[in-house]
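[1] Quick one, fold the following:
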Amino acid sequence: MPVDGVASTTALYSTPPTRAPKQKMDGEMFLSLLVTQLRAQDPSSPMDTNAMISQTSQLASMEQLTTLTGLNEEGFSLQMRMAGSALIGKTVSYLDADGSTKTGVASSVSFAAAVPTIRIGDKDVRLDAISAVTDTPPAAPTPPAS
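    As a prediction, this is how the structure comes out:
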């Protein structure tokens, strides 16, 4: 029978949330290691300043490479979007799930997923699955009604 004003005891026996370890090195991790190293050093034999400068320059290089990687990913994403948009109105070929080559006119593009999807007829095809692109021939002019 529950008693008013008394908390449930289930919270007492639950395990505390565990902290997930970092999966990649970043500036914060590097600084944490450096501070730990400085705290643990022998005061009578301090760290060599050349080693500290070397580690600091490695940190700066790592941060610049991380920034460059992010910019490259953004640039690649933009290129995929532009390539997908350029396919609208073109005749494209792709391999279907059964392995046969299908061809159709790209009518629209969606950027909802990491890789743009192109609408070909009633099917959505990933941009990286398209194997050929050709210009769609212009429609034949219709003769005037007599």
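[2] for the chain, longest helix please?
    The longest helix of the chain (DSSP state H) is helix 49-86.
[3] Next, the buried residues of that one.
    By 16 or more other CB atoms under 10 Å, the buried positions in helix 49-86 come out as Leu59, Met80, Ala83, Gly84. C-betas here are computed from N, CA, C, even on glycine.
[4] before we move on, what about stretch 105-123?
    Ala106, Val109, Pro116, Thr117, Ile118, Arg119, Ile120.
[5] Could I get the contacting residues of the residue nearest to the third one when sequence neighbours are not counted?
    Yep, that's Pro116 we're talking about. Closest residue to Pro116 apart from its sequence neighbours, by CB to CB, 6 or more residues apart in numbering: Gly84 at 3.6 Å. Taking CB atoms under 8 Å, 6 or more residues apart in numbering as the criterion, Gly84 is in contact with Val109, Phe111, Pro116, Thr117, Ile118, Leu127.
[6] Contact partners for Ala129?
    Per CB under 8 Å, 6+ apart, neighbours of Ala129: Tyr94, Leu95.
[7] Turn the contacts of Gly84 into JSON lines, columns for pLDDT and secondary structure.
    As requested, the contacts of Gly84 are exported to JSON lines (pLDDT from 0 to 100; DSSP: H, G, I helix; E, B strand; the rest coil):
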{"residue": "Val109", "pLDDT": "94", "secondary structure": "strand"}
{"residue": "Phe111", "pLDDT": "91", "secondary structure": "coil"}
{"residue": "Pro116", "pLDDT": "93", "secondary structure": "coil"}
{"residue": "Thr117", "pLDDT": "94", "secondary structure": "strand"}
{"residue": "Ile118", "pLDDT": "94", "secondary structure": "strand"}
{"residue": "Leu127", "pLDDT": "92", "secondary structure": "helix"}
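[8] Could you identify the most distant pair in these?
    In terms of CB to CB, the contacts of Gly84 reach their longest pairwise distance at Phe111 and Ile118, which sit 10.8 Å apart.
[9] Sounds good, over and out.
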